[in-house]
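structure for the following, please:
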Amino acid sequence: MDVTDRKILMQLQQNAKQNTKEIATKIGLSVTPTYERIKKLEQQEIIKSYVALVDRSKIGKELIAYCQVTLSKQQKKLADNFKREILLLPDIMECHQVSGNFDYLLKIAVNDISSFHSFINEKLSIIDGISTIHSSFVLDSVKDTSAFNL
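Model (predicted):
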């Protein structure tokens, strides 16, 4: 990846609805090479997909929680089961296996505290092998971006 590819990626991260001509103009390249570079970035799966970023408050997802999950044992079977179960829960936006004092960090988006309570009690805590769940709630988002600095 060179500087031009990085410029293209920055443009697409800012607005993926831009057409190739608009991107080409902004990065100082003609349309055909810009198009070819975008296709190459897609084929190499550097660009994984194009998505719409939705304003969560306008769709009723008012509460964001981060949950630190610890498994009862460090066994492959438990970890594999946990990962399978997490993939089935659409309220979980992100799940990261981490180092440190807990095993997984989850980002959860729900309507309100009552929905979160139901989610924890009826969906998350029933997954076999979970030892502890510690939750923190987002009070204010100082910075919220999905774009990588290239």
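
for beta bridges, what are the partners of residue 63?
The partner list for residue 63 in beta bridges (DSSP bridges) reads residue 110.

give the contact list for it.
Counting by CB atoms under 8 Å, 6 or more residues apart in numbering, residue 63 touches 109, 110, 111, 112, 113, 115, 116, 137, 138. Heads up, the C-betas are built off the backbone N, CA and C, glycines and all.

which non-adjacent residue is nearest the most far-flung residue of the chain relative to its centre?
Taking CA atoms, centre = their mean, the residue of the chain most remote from its mean C-alpha position is residue 30, at 32.7 Å. Spatially, and ignoring its direct neighbours in sequence, residue 30 is nearest to residue 24 (6.0 Å; CB to CB, 6 or more residues apart in numbering).

hang on, isn't the one you found packed against residue 36?
No: contact criterion CB atoms under 8 Å: residue 24 and residue 36 do not qualify, at 10.9 Å.

which one's more surrounded, these two?
Taking neighbours as other CB atoms under 10 Å, residue 24 and residue 36 compare with residue 24 leading, 21 against 11.
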